[in-house]
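Visitor: here is my input, please return the structure:
(one chain, ligands or ions: 1)
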Amino acid sequence: MRLVLFDIDGTLISSGGAGLGALQRTFAELYGFADAATGIEYHGLTDPIIVQSIARARLERELDESEFARVVERYLDHLGDTLRESPGFRTLPGARELVEELTARDDVALGLVTGNFEPAAFAKLRRANLADHFRFGGFGSDSHDRAELTRMAVERGRALSGANGSAIVIGDTKHDVRSAAAAGLPCLAVATGNASLEDLRAEGARWAVPGLEDPLVREALEI
Ligand SMILES: [Mg+2]
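Guide: Just a heads-up that it's a prediction; the model follows:
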């Protein structure tokens, strides 16, 4: 049994700005900033890091534990709305076919490695009708450190499925490539997010492809 671990944003789906929109609404509601998340780097970063970056930029301090919990609660609430309303939301080309094909195999366990808080991850996957394919993962709610949550996804996947074979991460940013490497895993990088094929190659991705329909994906996954 092998583990195949998917990132979500820019890899399986594009939320059409729903995540950013929910952050904007949250900081507007709680702190009165109209465009709090504008200009904040968020691609490939974990939700807790993004939230604290916004707080540092706008409030000039980090949120304490109870404020952070309140922000997360409001963010998840707004995200339900922004996902529903997002006209640009889409499942990326080849994602559904690949996930369905992998689910049908009995030598692969499918998991998630994502910076999203766990409920946000599943809200996005439900919107894409992909949630039922994933039973475990590592999430931004587990750690702000992507390498750490990658290790947690592997541990959980092995415990749940009895997998003792290889594991691979599929993601769209340099952070996916780096944290996979830090967890001792190869990364199949897809240039469907914010990073170019050249950047992903330069970062040391073992495979880099323009999209999930590329034939090299199935070769890399040995399917
Ligand atoms: Mg991503």
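
Visitor: so which residue is smack in the middle of the protein?
Guide: residue 114 (3.1 Å; Cα atoms, centre = their mean).

Visitor: determine the number of other residues adjacent to whichever residue of the chain sits closest to the ion.
Guide: Residue nearest to the ion within the chain (Cβ to the ion): residue 10, separated by 3.8 Å. C-beta coordinates here come from the backbone N, C-alpha and C atoms, glycine included. Close neighbours of residue 10, defined as other Cβ atoms under 10 Å, add up to 21.

Visitor: okay, buried residues for the longest helix anywhere in the chain please.
Guide: For the chain, the longest helix by residue count, based on DSSP state H, is helix 65-85. Using 16 or more other Cβ atoms under 10 Å as the test for burial, helix 65-85 gives 67, 71, 72, 74, 75, 76, 78, 79, 80, 82, 83.

Visitor: off-centre distance for it?
Guide: Taking Cα atoms, centre = their mean, to the nearest Å, one finds helix 65-85 lying 17 Å from the centre of the chain it belongs to.

Visitor: give me the residues contacting that helix.
Guide: With contact meaning Cβ atoms under 8 Å, 6 or more residues apart in numbering, helix 65-85 is reached by 15, 17-19, 21-23, 25-27, 29-30, 47-48, 51-52, 63, 89, 117, 119-120, 123-124, 127.

Visitor: in helices only, show me these.
Guide: Cross-referencing the contacts of helix 65-85 against helices under DSSP H gives 18-19, 21-23, 25-27, 29-30, 47-48, 51-52, 119-120, 123-124, 127.

Visitor: give me the buried subset of these.
Guide: When the ones in helices among the contacts of helix 65-85 are checked for burial by 16+ other Cβ under 10 Å, the buried set is 18-19, 21-23, 25-27, 47-48, 51-52, 119-120, 123-124, 127.

Visitor: so what's the residue located most distally from the centre of the chain up against?
Guide: The C-alpha centroid of the chain is most remote from residue 32, which lies 28.0 Å away (Cα atoms, centre = their mean). Contacts for residue 32 (Cβ under 8 Å, 6+ apart) come out as none.

Visitor: report the mean confidence score over the longest helix of the chain.
Guide: Per-residue pLDDT over helix 65-85 has a mean of 98.

Visitor: helix or strand right after that helix?
Guide: strand 90-91 (DSSP states H and E).

Visitor: and that following strand, what does it pack against?
Guide: Strand 90-91 sits against strand 13-14, with contacts defined as 3 or more Cβ pairs under 8 Å, 6 or more residues apart in numbering; DSSP states H and E.

Visitor: what is the burial count for residue 98?
Guide: Residue 98 has 22 nearby residues by other Cβ under 10 Å.

Visitor: noted, bye for now.
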